[in-house]
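>>> after the sequence you'll find the predicted model.
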Amino acid sequence: MRLMISCIAACLLFINPAGGAAGKNCTSCHQVVLKGIHAALSCASCHREKPDVIADPASGKHHAAGCVGCHQGYGALFDHAMATRSREKLFVQRTIGNSDSGFFGKNCGSCHLKSCTDCHGGKGHNIVKAADKSCMACHKGYYVGMEYYGMAPREDSSRYQRGKAAFGEKSLKMLPDVHAEAGMTCGACHSMKSLVTGAKSSRKCVDCHQAQKTVVEHRIKAHMEKLECYACHSAWAAQEYGTFYLRFINSPVQREFEAVKNRGEYVKSSYLKKQDAPPLGVNAAGRVSPIRPEFIFYGTTVKNNRPEGKESRLLAAEWKAFFPHTIRRGTLMCDGCHENSRRFIMEKKEDRIYNLPADGMTLPSFWERTGQKVVNGDFLPRERYLRMSKKTPAYWRGYLEKWQKLVNRVDGSSSH
């Protein structure tokens with residue numbers, strides 16, 4: 001590395017205003033061919049003068065100092081969540097970080113932005129526009145992203161790891177988002193200008209879509225005022241209930257715990273994965289939104305082949321409001337939400353399928369809010385749920401109209 005920096009620095013002594021001579025002098029030592037939209041630039045245009053910038057002009061360590069001379073303001077990208085991972089770090093600190101301060105570095109360091117070239121060309125001398133596959137390098141698995149193309153994470157055990165791999169992971173084939181079917185890329189809604197400000201997207205649904213009043217649900221005032229569009233139009237979402245991390249210290253027995261995501265001394269597994277309509281809660285804006293566990297998190301330490309302390313310690317029972325990228329035109333029937341207490345994390349005891357206490361877990365149910373919280377919003381207040389579950393005359397009129405439209409559509413399609 002020192003030799004490379006010295007060579008580049010020597011080249012810079014010969015820079016002329018046109019830049020062509022500098023490039024020629026550099027390449028007398030560095031066999032590099034600049035390709036793409038930057039092919040006509042001199043080496044010094046990006047590598048500049050400071051030694052750390054010379055070595056890696058696109059690095060987030062110095063806010064991409066070699067790039068922002070032209071792409072002004074884009075260095076701010078490294079101050080936001082894509083690069084800082086501050087929320088993930090805080091989660092680790094208040095949970096498993098109490099017993100292992102090095103957990104984040106061991107298990108969470110592979111994703112998120114370190115350099116402009118993470119998305120715009122990994123080798124740095126063939127800069128390209130970011131494509132969706134660049135996004136999926138991080139936005140895969142349980143993190144919002146690859147469901148846009150109809151892929152859901154499989155169970156952790158190797159016995160379920162089958163089928164084609166995409167973005168480095170095996171996945172279940174699901175229904176994709178209608179926007180993906182229409183050929184829209186991630187960048188259509190997540191522009192660079194929005195990302196550098198820390199915004200999640202540059203467009204809202206209503207920037208492109210108008211709610212049609214011929215749709216029953218769109219004529220209900222409460223729906224339009226209190227629900228996010230994607231509360232109804234998200235066809236499905238990946239959900240993970242019970243995320244277990246087993247830490248093995250000086251324990252050869254670790255070999256018996258076969259799992260794909262075996263990272264060093266840790267083995268990760270989950271109790272249950274689902275891919276259906278997500279539960280609903282309230283987001284930070286106060287609107288009804290999909291929510292899911294991130295995470296209901298359990299930890300166990302095995303030392304010298306024996307459990308140390310309590311097994312399956314509940315470290316967190318946290319949910320997050322989120323936007324599943326599985327948009328479809330249709331929605332669930334009315335009773336998919338109304339009087340569906342499980343969907344609002346108020347599952348009745350008599351409706352429980354899983355007996356968590358019998359399996360050594362302290363929560364009574366994943367779908368019962370007691371002892372759990374939504375970190376960027378809240379669960380829907382009980383009184384509000386009871387109020388919306390009343391079967392008023394207006395409810396029945398809408399219910400019958402929706403069924404009538406459904407029956408007519410089925411009759412019409414079968415007559416051809």
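Arrived safely, thanks for sending.
>>> okay, CA-based contacts and neighbour counts for the rest of this
Will do.
>>> so which residues of this structure form strands?
35-36, 126-127, 151-153, 165-166, 169-173, 237-249, 262-263, 266-276, 280-283, 288-303, 306-321, 373-374, 377-378 (DSSP state E).
>>> average pLDDT for the second one?
In this model, strand 126-127 has a mean pLDDT of 90.
>>> which other helices and strands contact it?
strand 35-36 (3 or more C-alpha pairs under 8 Å, 6 or more residues apart in numbering; DSSP states H and E).
>>> name the surrounding residues that touch the strand it packs on.
Applying C-alpha atoms under 8 Å, 6 or more residues apart in numbering, the set of residues contacting strand 35-36 from outside is His125, Asn126, Ile127, Val128.
>>> strands paired with that strand, and their directions?
Here strand 35-36 is paired, per DSSP bridges, with strand 126-127 (parallel).
>>> distance between the partner strand and the chain's centre?
The chain centroid and the centroid of strand 126-127 are separated by 26 Å, computed with C-alpha atoms, centre = their mean, to the nearest Å.
>>> by neighbours, which of the contacts of strand 35-36 wins?
Within these, Ile127 tops the neighbour count with 19 neighbours, counted by other C-alpha atoms under 10 Å.
>>> and the residue nearest to that one when sequence neighbours are not counted, what pLDDT?
The shortest distance from Ile127 to any non-neighbouring residue, by C-alpha to C-alpha, 6 or more residues apart in numbering, is to Gly121 (5.0 Å). Model confidence at Gly121, given as pLDDT, is 82.
>>> which residues does Gly121 contact?
Ile127, Val128, Ala130.
>>> turn the residues you listed into TSV, including distance to Ser234.
TSV is the format used below for the contacts of Gly121 (distance: C-alpha to C-alpha, whole Å):
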residue	distance to Ser234
Ile127	35
Val128	32
Ala130	26
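>>> nearest to Lys390, of these?
Ala130 (49.1 Å; C-alpha to C-alpha).
>>> follow-up on the earlier one: of the contacts of Gly121, which is the nearest to Val253?
For those, the residue nearest Val253 by C-alpha to C-alpha is Ala130; the value is 43.6 Å.
>>> my read: the closest one touches Thr117, true?
No: using C-alpha atoms under 8 Å as the test, Ala130 is too far from Thr117 to be in contact (9.2 Å).
>>> now find how far off-centre stretch 102-115 is within its chain.
Distance of stretch 102-115 from the chain centroid (C-alpha atoms, centre = their mean) equals 15 Å.
>>> I'd like the mean pLDDT over it, please.
Mean pLDDT, computed over stretch 102-115, is 86.
>>> now the terminal residues of that stretch, how far apart.
In stretch 102-115, first residue to last residue: 23 Å (C-alpha to C-alpha, to the nearest Å).
>>> show residues contacting stretch 288-300.
Everything outside stretch 288-300 that qualifies as a contact, by C-alpha under 8 Å, 6+ apart, is 96, 226-228, 230-231, 239-247, 278-283, 307-308, 310-324, 380.
>>> CA atoms of it as PDB?
Output of stretch 288-300 as PDB, limited to C-alpha atoms (Å, rounded to 0.1, in the frame of the first residue of the first chain):
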ATOM      1  CA  VAL A 288     -51.900   2.200  10.800                       C
ATOM      2  CA  SER A 289     -48.900   0.300   9.300                       C
ATOM      3  CA  PRO A 290     -47.500  -3.200   8.900                       C
ATOM      4  CA  ILE A 291     -45.300  -4.200  11.800                       C
ATOM      5  CA  ARG A 292     -43.100  -7.300  12.400                       C
ATOM      6  CA  PRO A 293     -40.600  -8.500  15.000                       C
ATOM      7  CA  GLU A 294     -37.100  -7.000  14.800                       C
ATOM      8  CA  PHE A 295     -36.400  -8.900  16.900                       C
ATOM      9  CA  ILE A 296     -37.900 -11.300  19.500                       C
ATOM     10  CA  PHE A 297     -34.500 -12.200  20.500                       C
ATOM     11  CA  TYR A 298     -33.200 -15.100  22.700                       C
ATOM     12  CA  GLY A 299     -29.700 -15.900  23.800                       C
ATOM     13  CA  THR A 300     -28.000 -19.000  25.200                       C
END
